[in-house]
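*Asks:* I'll drop the sequence and a predicted model, then ask my questions.
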Amino acid sequence: MTLLLDLLRHGETELGGGLRGSLDDALTPKGWEQMHAAVVNQGPWDRVVSSPLQRCARFAEALGARLDVPVSLEKDLQELHFGAWEGQSAAALMETDAEGLGLFWADPYRFTPPGGEPVCDFSDRVLGAVARLHQACAGERVLLVSHGGVMRLLLARARGLPREQLLNVEVAHGGLFSLQVGAEGALKEGV
């Protein structure tokens, strides 16, 4: 049986752009607006599943309460941990670690930011969480509130992109995408 999975990226955060990773900053008022605008006339959802980081979880909890659907937090749907790069912008990294940043952008699976989480490990944890979600919620429509990296990974797989193109997938703040999760974790974009 298929799981219909709508992916919603968190909105703008208080500490601004850059690599947020495991930093736990809150949404700005604009970030809340971006997320509210994304879900207008969408759904209905049987449940909401969210990253536990507050930029996702606070919105998921508020939406779940408003829609009267269950909300659960899933730690394996957190963003990639960027290690020493956390909180830094690409412009700042161009000045301090241009070579590393270039290697990461060229193939994030082959280069790990200093002290960061390897993308292979990130992929395993995210895909494991989606597989568990499919097993528990097949036949349902679920809203997954998460991060740019999580969504890029799932969309790249659904689109059949080579792994080197992971970071080429565009996911704006408040972006909403739909996937079908089938048997054996097969991902297909659209509903």
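*Replies:* Nice, thanks for sending it over.
*Asks:* which helix is the longest one in the protein?
*Replies:* helix 119-137 (DSSP state H).
*Asks:* which outside residues touch that helix?
*Replies:* Helix 119-137 has contacts (CB atoms under 8 Å, 6 or more residues apart in numbering) with 3, 5, 46-47, 49, 74, 76-77, 80-81, 108-109, 112, 142, 144, 149-150, 153-154, 157, 166, 181, 185, 187. Quick note: C-beta positions are derived from backbone N, CA and C, even for glycine.
*Asks:* buried ones in it?
*Replies:* For helix 119-137, a neighbour-count test (16 or more other CB atoms under 10 Å) marks V119, F122, S123, R125, V126, L127, A129, V130, L133, H134, C137 as buried.
*Asks:* what's the mean pLDDT across it?
*Replies:* The average pLDDT for helix 119-137 rounds to 97.
*Asks:* adjacent strands (with direction) for whichever helix or strand comes after that helix?
*Replies:* Following helix 119-137 in sequence order, the next helix or strand is strand 141-146 (DSSP states H and E). Sheet partners assigned to strand 141-146 using DSSP bridges are listed as strand 3-9 (parallel), strand 47-50 (parallel).
*Asks:* now do the longest one, average pLDDT.
*Replies:* Mean per-residue pLDDT for strand 3-9: 98.
*Asks:* name the helices or strands packed onto the helix or strand following that strand?
*Replies:* Going down the chain from strand 3-9, the next helix or strand is helix 29-39, by DSSP H and E. The contact analysis (3 or more CB pairs under 8 Å, 6 or more residues apart in numbering; DSSP states H and E) places helix 29-39 against strand 3-9, helix 54-67.
*Asks:* ok, back up a step: with respect to burial, which of the strands paired with strand 141-146 scores highest?
*Replies:* Ranked by mean neighbour count, those are led by strand 47-50 with a mean of 24 (mean count of other CB atoms under 10 Å).
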